[in-house]
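*Asks:* Whatever this is, show me its structure:
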Amino acid sequence: MAANGDGEQEYVPQKKKPPSEEEKRKKKIVPGSLMKAIVRPGGGDSTPSDGDQVIYHRTIRTLEGVVVESTRSEYGGKGTPIRHVLGKSKMLLGLLEGIPTMLKDEVAMFKMKPQLHYGEDDCPISAPDGFPKEDELHFEIELIDFSKAKVISEDLGVIKKVLQEGQGWESPREPYEVKACITARTAGGKLIMSHTEGEPYSFTFGKSEVPKGLEMGIGSMSRGEKAVVYVTSQYLTQSPLIAGIEDYEEVLFEVELVHFIQVRDMLGDGRLIKRRIRDGTGDFPMDCPLNDSLLRVHYKGIVLDDEKRVFYDTRVDNDGQPLEFCSGEGLVPEGLEMCLRLMLPGELALVTCPPDYAYDKFPRPANVPEGAHIQWEIELLGFEMPKDWTGLDFKSIMDEAEKIRNTGNKLFKEGKFQLAKAKYEKVLREFNHVNPQDDEEGKIFADTRNLLFLNVAACYLKTGECLKSIETCNKVLEANPAHVKGLYRRGMAYMTAGDFEEARNDFNMMIKVDKTSEPDATAALQKLRQKEQETERKARKQFKGLFDKKPGEISEVKADEDGEHQKTSENQENSENGDSDGANSDEFHEAAAEAPQVGWFSVFWPTTRRFFSSLGLQRCTIL
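*Replies:* Just a heads-up that it's a prediction; the model follows:
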């Protein structure tokens, strides 16, 4: 038997999609059960299809001509046509089959057996009271209009018909500021209100300043789009736009989305707000500045007091020259940089910033008071992307890595640990694509990578994330268990976390694998003993009197009332902080400085066990 050629492909039968509920229903239609007669021809050559919204009047008669039900006012109806979305709305089987055969403005008479209207088994629509659902009937249908529709709400309470496509991809959302021309009519065409003359209607998205259904529809529109938004009663909520709107069963809103201002709540608590005054060029967020980009910015700073005083303007105070700085290095206030990172070249934005993201944690200009709220008017002129390492030789790559690492070291010394960590991690990500070509390059690469991991571990330790610091040290020690700096850094993390035995093992291992590290290890062990003694003393005070009560009594466990903290060794260690590449010290001895406190019980537990043993207790349950 010949083998299959390369061009031959094994035939895999396509799985058929299971029939929809409508397709199952249509199988009930038998010849003669539905007949159509055209009363008035329609226009054009297109007919409705799935996804189209159809608008039609309906009059139901007996075969003798007696009107049973009608939407027309001359036959006792409300004069409001019916709206359905083919493939979405619940419809009578005969209309589900018949309306897609009609042209716009056509009037047709459908003669239906009972099983094609309300007499259908499991009909999805309940018959009105007293309806002759067992009779054969005539359904007169006038197809007023049909068009493609966007279903906004799954219950079909809000549907949009696009009249004119808009520009761009962005749509309004909370808390954007919107300007729109709006006209509201009843389903019968009666004008309720018109806001098309003069200045467009302005509102803040998400503030209930327009009916809920209208806001949902506008939230699907782009700038410049024109549309009709059909809103049924359950979405006609009270708003300043229209009074008493809840009295209507349905309202048609003709909307032109004139403009909207992108408003971003940067922190989610309403304190740091960015308002885009002028659009930039490019695609968001792909064309926004990355970390380590060189930005060119004009900005004006205003103190938000009664006078709205300008305290700095690059166009005035910097000889008209823009500010140039590299992102991700803490060179401008945090709130300012956070907003710039979400801007496109050419964009103009207005930023309202709280003190803690402005100048309370950043060198304060002399004319900005402490605790002042700030407003910046920012224009991002442009930016240069960080240097691409693709195609660089090994030495050039390592030079670039060293520059970024030195920047991280500077940020670490300034106490900007998150920014420093971001610099180290950036290099580590780039290192995933670096392939040393010989043993010498391999050693340089491995040493640098280990140093970066330990710097990351130092940052984690400074921010109180001891477990992450330990995990990062393990990335170095798994490859080289005798790495002295890795042992030292992990030992410090264990000690801060209160795991004194593991810390002691790491410091003792330092001496065992490298005698030159003995001074550092000995100092660390001395600090460890001091911490153990301090922890045991606090534990004894914490549990004092716990076992003095009689059985059944509850003894209060008092906290350390004097709040005593032994900081002698910590202060001594802090005095040694700095970028230390010396012979006998870790690169960042800052990691040994005091980290944020962890839970008291996790710290006290090793000593608490020894305390219980000193009382002659083998087991103790703390309730």
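
*Asks:* isn't Glu254 right up against Thr183?
*Replies:* Yes - judged on CB atoms under 8 Å, Glu254 makes contact with Thr183 at a distance of 4.3 Å. No exception for glycine: its C-beta is placed from N, CA and C like everyone else's.

*Asks:* Tell me the gap between stretch 510-524 and the middle of its chain.
*Replies:* Here the centre of stretch 510-524 is set off from its chain's centre by 48 Å, with CA atoms, centre = their mean, to the nearest Å.

*Asks:* ok, now stretch 359-368?
*Replies:* Relative to its chain's centre, stretch 359-368 lies at 31 Å (CA atoms, centre = their mean).

*Asks:* Quick one: residues in contact with it.
*Replies:* Contact with stretch 359-368 is made by 301, 303, 309, 311-312, 332-334, 358, 370-372, 374, as judged by CB atoms under 8 Å, 6 or more residues apart in numbering.

*Asks:* and it, how far apart are its ends?
*Replies:* 8 Å (CA to CA, to the nearest Å).

*Asks:* Okay, buried residues for that stretch please.
*Replies:* Tyr359, Phe362, Arg364, Val368 (16 or more other CB atoms under 10 Å).

*Asks:* For the first one, give its distance to Gln418.
*Replies:* In this case it means Tyr359. Taking CB to CB, to the nearest Å as the measure, Tyr359 falls 19 Å from Gln418.

*Asks:* What of the last one?
*Replies:* Per CB to CB, Val368 is found 24 Å from Gln418.

*Asks:* quick one: the closest residue to Lys90 other than its chain neighbours and Val231, what's the gap?
*Replies:* Computed as CB to CB, 6 or more residues apart in numbering, the closest residue to Lys90 that is not its neighbour in sequence is Pro124, at 4.3 Å. Distance, Pro124 to Val231, using CB to CB: 23 Å.

*Asks:* again with Gly79
*Replies:* Taken as CB to CB, the span from Gly79 to Val231 is 19 Å.

*Asks:* For the closest residue to Ile261 other than its chain neighbours, list the residues it contacts.
*Replies:* The shortest distance from Ile261 to any non-neighbouring residue, by CB to CB, 6+ apart, is to Glu177 (4.3 Å). Listed by CB under 8 Å, 6+ apart, the contact set of Glu177 reads Ser202, Phe203, Thr204, Phe205, Phe260, Ile261, Val263, Arg275.

*Asks:* just Val158 next, same as before
*Replies:* Contacts here follow CB under 8 Å, 6+ apart; on that basis Val158 touches Ile152, Gly213, Met216, Gly217, Val229, Tyr230, Val231, Thr232, Tyr235.

*Asks:* low-scoring stretches of the stretch 501-623 of the chain, by residue?
*Replies:* Across the stretch 501-623 of the chain, residues meeting the criterion (pLDDT under 70) sit at 544-623.

*Asks:* helix, strand or coil for the residue nearest to Gly206 when sequence neighbours are not counted?
*Replies:* What sits nearest to Gly206 in space, not counting adjacent residues and going by CB to CB, 6+ apart, is Glu174, at 3.0 Å. Judged by DSSP: H, G, I helix; E, B strand; the rest coil, the three-state class of Glu174 is coil.

*Asks:* what separates Glu174 from Ser220, distance-wise?
*Replies:* Glu174 is 14 Å from Ser220, by CB to CB.

*Asks:* Compare neighbour counts for those two and give me the winner.
*Replies:* Ser220 (17 against 12; other CB atoms under 10 Å).

*Asks:* give me every residue that touches that one.
*Replies:* Residues counted as contacts of Ser220 (CB under 8 Å, 6+ apart) are Lys150, Ile152, Lys160, Ser171.

*Asks:* and these as CSV, adding neighbour count?
*Replies:* Output for the contacts of Ser220, formatted as CSV (neighbours: other CB atoms under 10 Å):
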residue, neighbour count
Lys150, 17
Ile152, 20
Lys160, 24
Ser171, 17
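
*Asks:* Now go through those and say which are in helices.
*Replies:* Within those, no residue falls in helices by DSSP state H.

*Asks:* Give me the subset of those residues that lies in strands.
*Replies:* Members of the contacts of Ser220 lying in strands (criterion: DSSP state E): Lys150, Lys160.

*Asks:* quick one: low-confidence parts of the chain?
*Replies:* The chain contains residues with pLDDT under 70 at 1-15, 544-623.

*Asks:* Repeat the analysis, applying 80 as the threshold.
*Replies:* 1-17, 243-247, 542-623 (pLDDT under 80).

*Asks:* what's the helix or strand for the residue in it sticking out farthest from the centre?
*Replies:* Distance from the C-alpha centroid of the chain, by CA atoms, centre = their mean, peaks at Glu64 (63.1 Å). Using DSSP states H and E, Glu64 sits in no helix or strand.

*Asks:* any idea how far Leu137 is from it?
*Replies:* In this view, Glu64 and Leu137 are 11 Å apart by CB to CB.

*Asks:* Would you mind pulling the contact partners of stretch 346-356?
*Replies:* 271-281, 304, 333, 335-336, 339, 343, 370-382.

*Asks:* Tell me if Asn505 really is in a helix.
*Replies:* Yes - assessed with three-state DSSP, Asn505 lies in a helix.

*Asks:* surely Phe284 meets Met343?
*Replies:* No - counting by CB under 8 Å, Phe284 stays clear of Met343, with 9.0 Å between them.

*Asks:* Compare neighbour counts for those two and give me the winner.
*Replies:* Set Phe284 next to Met343 and count neighbours by other CB under 10 Å: Met343 wins out with 25 against 16.

*Asks:* did I read that right, the more buried one in a helix?
*Replies:* No - secondary structure of Met343 (three-state DSSP): coil, not part of a helix.

*Asks:* Which residue is the nearest non-sequential neighbour of it?
*Replies:* Distance criterion CB to CB, 6+ apart; nearest residue to Met343, sequence neighbours excluded, is Leu380 at 4.5 Å.

*Asks:* Quick check: the one you found vs Pro132, distance?
*Replies:* From Leu380 to Pro132 the distance is 71 Å (CB to CB).

*Asks:* Going by neighbour count, list what's buried in stretch 240-256.
*Replies:* Under the neighbour-count criterion of 16+ other CB under 10 Å, stretch 240-256 has Leu241, Ile242, Ile245, Tyr248, Glu250, Val251, Leu252, Phe253, Glu254, Val255, Glu256 buried.

*Asks:* now, among those residues, which is nearest to Thr472?
*Replies:* Val255 (53.9 Å; CB to CB).

*Asks:* which residues touch the closest one?
*Replies:* Ala180, Cys181, Ile182, Leu214, Gly217, Ile218, Met221, Lys226, Ala227, Val228, Val229.

*Asks:* Under a three-state scheme, what state does the fourth one occupy?
*Replies:* Using three-state DSSP, the three-state assignment for Leu214 comes out as helix.

*Asks:* which one is it nearest to, not counting chain neighbours?
*Replies:* Spatial nearest neighbour of Leu214, excluding adjacent residues (CB to CB, 6+ apart): Phe253 at 5.1 Å.

*Asks:* residue contacts, the one you found?
*Replies:* Contacts of Phe253 by CB under 8 Å, 6+ apart are Ile182, Thr183, Ala184, Leu214, Gly217, Val228, Val229, Val231.

*Asks:* Are we agreed that it is in a strand?
*Replies:* Yes - assigned with three-state DSSP, Phe253 falls within a strand.

*Asks:* partners of it in the sheet?
*Replies:* Per DSSP bridges, the residues bridged to Phe253 are Ala184, Val229.
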